[in-house]
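> 3D model of this:
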Amino acid sequence: MGLFIGLSSRACQPASALSKLDEPTLERLRQQVPGWRVGASSGASPLPCIRREWAARDAPAAEALADKVRGVAEEAGHAPLDVKAVSATVSAELATPAAGGLTENDFIVASRLNAMEGVEALLAKKRQRFWA
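Prediction:
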């Protein structure tokens, strides 16, 4: 049961202790971080990564959110592969280049990013949908 509960409560391991995730483990962890997609990084040498985008209310809010994302990753001891704020959209990519792809640390950081506090004020308001 401990494998499925409390991903954000786990601590990131040192890079030397990490290994690339196998497909079943990757899929199990991906299901624990809603909003994150598995794909290839946008860098010069593509690497398997997980990616998420947030719609901010405006460009300054996007910059503040990007700083917050970097801070959460830094606090966890795991540098994000890439964090960009373009216009009012923030995108983050997580991977572990030393392991050659995705590790548990990437999903731990993604879980902590999903649980960030105080970001509601930075995000764009969702439109209410009315059904007739």
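
> Could you give the average pLDDT over the top strand by length along the chain?
As assigned by DSSP state E, the longest strand anywhere in the chain is strand 48-55. The pLDDT scores in strand 48-55 average 96.

> buried stuff in that strand?
48-52, 54-55 (16 or more other Cβ atoms under 10 Å). Yep, even glycine has a C-beta here, placed from its N, CA and C like the rest.

> which one is the residue nearest the centre of the chain nearest to, not counting chain neighbours?
Centre of the chain computed as the mean C-alpha position; nearest residue by Cα atoms, centre = their mean is residue 110, 3.5 Å away. Leaving aside its sequence neighbours, residue 110 sits nearest to residue 33 (Cβ to Cβ, 6 or more residues apart in numbering; 4.2 Å).

> ok, the one you found to residue 60 distance?
To residue 60, residue 33 is 27 Å away according to Cβ to Cβ, to the nearest Å.

> Give me the more crowded residue out of these two.
Using other Cβ atoms under 10 Å, the more surrounded residue of residue 33 and residue 60 is residue 33, with 22 against 12.

> residues in contact with the more buried one?
Residue 33 sits next to 7, 50, 107, 110-111, 114 when contact means Cβ atoms under 8 Å, 6 or more residues apart in numbering.

> start to end distance for stretch 40-49?
With Cα to Cα, to the nearest Å as the measure, the first residue of stretch 40-49 is 5 Å from its last.
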